[in-house]
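>>> Next come a sequence and a model predicted from it.
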Amino acid sequence: MLKKIIIKPANSAPAVGPYNHAVRVGDLLFCSGQIPLDPASGTLVAGDIKAQAERVLENIKVILEDQKLTFANVVKSTVFLTSMADFAGMNEVYARYFTSDFPARSTVQVAALPKGAIVEIEVLAHF
């Protein structure tokens, strides 16, 4: 049976509930959804979709780098938006982090996100 390894990067904002930043099982890294929390203060980053999406992707980058991975290792992402009107702005920022061999992706609109965030992104990466 494969071992479950809990991932809690030191440079990440604290989790806002009973979950871990990521869990590694075999060659897969399952990253929890990240919202735009400032790692230094643990508070939500203010701003529009571009500012919040950038913070979310930087938070994901911290988790990936902790495991010596990059965005190129991501095989699936799920984007949660509180408004599909923010899709283009999110996509513009997303394209700066995922530049080739794009992962599979789903984007869904949700009624609300933790702490009043307007975007949350989760990823699944392969070692």
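On my side now, so go ahead. Computed from a predicted model, the values in this text were never measured in an experiment.

>>> wouldn't residue 28 be in contact with residue 74 here?
No. Counting by Cβ atoms under 8 Å, residue 28 stays clear of residue 74, with 11.1 Å between them. In this view, the C-beta of every residue, glycine as well, is placed from N, C-alpha and C.

>>> Overlap of the contact sets of the two?
Common neighbours of residue 28 and residue 74 (criterion: Cβ atoms under 8 Å, 6 or more residues apart in numbering): 124, 125.

>>> of those two, who's got more company?
residue 74 (23 against 13; other Cβ atoms under 10 Å).

>>> Need phi/psi at that one.
phi -70, psi 130 (degrees, to the nearest 10).

>>> So what sits opposite it in the bridge?
residue 125 (DSSP bridges).

>>> For it, give me its contacts.
Residue 74 neighbours (Cβ under 8 Å, 6+ apart): 64, 98, 103, 123, 124, 125.

>>> among the residues you listed, who's most crowded?
For the contacts of residue 74, neighbours tallied by other Cβ under 10 Å; top is residue 123, 27 neighbours.

>>> Specify the helix with the largest residue count in the chain.
helix 49-66 (DSSP state H).
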